[in-house]
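S.K.: 3D model of this:
(one chain, ligands or ions: 1)
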Amino acid sequence: PNNVGILAIDIYFPPTCVQQEALEAHDGVSKGKYTIGLGQDCMAFCTEVEDIISMSMTVVSSLLEKYNIDPKKIGRLEVGSETMIDKSKSIKTFLMQIFEDSGNTDIEGVDSTNACYGGTAALFNCVNWVESSSWDGRYGLVVCTDSAVYAEGPARPTGGAAAIAMLVGPDAPIAFESKLRGSHMSHAYDFYKPNLASEYPVVDGKLSQTCYLMALDSCYRVFCEKFEKSEGKHFSMADSDYFVFHSPYNKLVQKSFGRLYFNDFLRNPSFVDEVSRQALAPYASLTGDESYQSRDLEKANQQAAKKIYDAKVQPSTLIPKQVGNMYTASLYAAFASLLHNKHDSLVGKRVVMFSYGSGLTSTMFSFRLQEGQHPFNLSNIVTVMNVSGKLKQRIELPPEKFVENTKIMEHHYGGKEFVTGQDCNYLLPGTFFLTKVDSMYRRFYAKK
Ligand code: ACO
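M.R.: As a prediction, this is how the structure comes out:
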């Protein structure tokens with residue numbers, strides 16, 4: 001099969017959200033810390049009627065319906081998530097309920113977990129399957145689903161929630177350039193979830209930023225080497241039209257793009273313009289460690305890369321800024337934002353993607369975009385996703401309500417024998433929701 005990649009996408013995020021500006025005032029931090037400092041506008045969150053399973057059921061059934069896919073045509077279903085509800089039973093098995101009526105039980109795949117990277121692992125599994133000799137001609141389906149919640153404190157405004165579903169097959173409008181994958185994997189304690197009784201991670205915020213940037217450097221180096229090997233020429237940022245990043249908060253994306261710019265400058269000063277060359281020259285001799293610690297360098301990078309950032313990165317920042325960190329779904333929600341903003345001018349364009357999961361695992365890879373054939377074409381994907389509509393239909397709740405909700409969620413996490421308030425007034429028709437968890441911890445869902 002040729003041009004294996006993503007044929008169709010749908011995205012779901014909870015309608016309930018809190019404005020970052022309101023959260024700043026509520027938390028008593030200085031004005032602008034979350035909105036300018038972190039670069040975030042708004043944060044979505046699950047109320048007690050929603051969780052990673054309901055969100056993934058919503059997005060899978062919506063994708064099958066809107067692209068008119070026969071459920072029998074799915075041969076592999078892979079889920080990426082780091083929100084653990086059960087240590088044995090996969091989220092994938094919950095999703096098999098959607099396929100019951102069709103009688104299709106012949107679907108390979110389970111869940112992949114490593115912080116925000118699980119979705120990328122799931123996507124690679126599906127792409128590799130379609131490219132392999134065990135492929136049976138059917139579609140792969142990838143689901144990234146997460147609810148990002150943090151304990152009270154500086155990380156809390158970097159939460160969010162969403163699920164995204166991607167159909168994988170040949171002749172895709174969003175085709176992988178399979179030779180171009182650069183990974184960096186190592187052992188770090190930057191963000192992890194050792195306390196199985198709590199949904200919250202243990203996080204060393206500063207270390208997680210440094211780990212992210214180090215992984216980015218390493219992946220970019222390998223990616224450039226592989227590009228040179230396969231294309232026979234050097235790679236610089238000029239060779240890609242867009243760069244899409246895993247987006248825990250927008251400021252880190254700005255810093256990351258600046259960092260790539262600095263990499264280009266170090267690899268070959270002629271890759272950057274004269275003004276930037278002068279601005280960055282004082283930092284050329286820093287050691288790796290020094291360069292991660294230098295605030296001046298960070299500012300100089302961001303300044304030098306600003307114009308190119310506006311062209312090559314900014315179009316992918318909409319959903320992550322509006323919804324927050326969606327963990328495994330973040331990178332793909334950023335990509336969905338790019339499709340949403342630029343769909344009529346993407347044919348022939350290359351998009352470089354950077355996936356990062358704490359702990360840590362990371363890969364840089366790339367897509368080549370084509371218009372595709374209905375229903376698997378870029379403009380139809382944008383219509384189905386209906387990003388503007390979904391953002392407009394949200395309900396902003398005050399910070400007090402958000403905090404009250406986190407208390408309920410803490411209480412329910414790992415709990416049994418409760419019914420949810422059934423208060424699903426906020427949900428749109430077609431949305432799945434949690435109705436109860438029985439005395440055996442079994443979870444029950446209904447469709448609104
Ligand atoms: N106006 C404008 N900017 C402000 C203001 C203000 N009033 N106050 C602070 N800022 C700026 C700071 O200067 C800083 O920007 P800079 O980094 O460009 O200097 C930014 O706001 C954040 O302020 P800090 O004091 O550094 O924030 P803090 O340490 O309190 O928390 C952090 C930020 C570490 C990101 C925290 O939210 C966190 O731990 N989040 C979770 C970890 C995470 O997402 N890591 C990313 C990779 S791993 C993953 O994806 C989960």
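
S.K.: Look at L213 and say how many residues are nearby.
M.R.: By the criterion of other C-beta atoms under 10 Å, L213 has 20 neighbours. Any C-beta I mention is one placed from the backbone N, CA and C, and that applies to glycine too.

S.K.: residues contacting it?
M.R.: Each residue near L213 by C-beta atoms under 8 Å, 6 or more residues apart in numbering is listed here: 255-256, 259, 292.

S.K.: Which two among the residues you listed are spaced furthest apart?
M.R.: Spanning the widest gap among the contacts of L213 are S256 and Y292, at 12.2 Å by C-beta to C-beta.

S.K.: For the ligand, what is the nearest residue in this structure?
M.R.: Nearest residue of the chain to the ligand, counting by C-beta to the nearest ligand atom: G37, 2.1 Å away.

S.K.: list the contacts for that residue?
M.R.: Contact analysis of G37 by C-beta under 8 Å, 6+ apart lists K251.

S.K.: quick revisit: now which of the contacts of L213 would you call buried?
M.R.: Buried members of the contacts of L213, scored by 16 or more other C-beta atoms under 10 Å, are 255-256, 259, 292.

S.K.: Contact residues of the stretch 301-448 of the chain facing the ligand?
M.R.: Residues of the stretch 301-448 of the chain lying close to the ligand by C-beta under 6 Å from any ligand atom are 325, 358.

S.K.: actually the stretch 1-150 of the chain, not the one I wrote
M.R.: So far as C-beta under 6 Å from any ligand atom goes, the stretch 1-150 of the chain lies against the ligand at 30-33, 36-38, 116.

S.K.: Break down the stretch 151-300 of the chain into its helices, ranges please.
M.R.: With DSSP state H, counting those that start in this stretch as the criterion, the stretch 151-300 of the chain has helices at 205-231, 250-267, 274-280, 288-293, 295-312.

S.K.: how about stretch 125-143: buried residues?
M.R.: Neighbour counts over stretch 125-143 (16+ other C-beta under 10 Å) mark 125-130, 135, 138-143 as buried.

S.K.: what do you get for stretch 151-168?
M.R.: By neighbour count on 16+ other C-beta under 10 Å, the buried set for stretch 151-168 is 155-168.

S.K.: Save these as CSV, and put in distance to the ligand and pLDDT too.
M.R.: What follows is those, written out as CSV (distance: C-beta to the nearest ligand atom, whole Å; pLDDT from 0 to 100):
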residue, distance to the ligand, pLDDT
A155, 4, 98
R156, 8, 98
P157, 6, 98
T158, 4, 98
G159, 9, 98
G160, 10, 98
A161, 14, 98
A162, 14, 98
A163, 17, 98
I164, 16, 98
A165, 21, 99
M166, 20, 99
L167, 26, 99
V168, 24, 98
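
S.K.: Looking at these, which are in strands?
M.R.: When these are checked against strands (DSSP state E), the matches are 160-168.

S.K.: remind me, longest strand of this structure?
M.R.: Max-length strand for the chain by DSSP E is strand 174-185.

S.K.: Direction included, what does it pair up with?
M.R.: Applying DSSP bridges, strand 174-185 is found paired with strand 5-12 (antiparallel), strand 361-369 (antiparallel).
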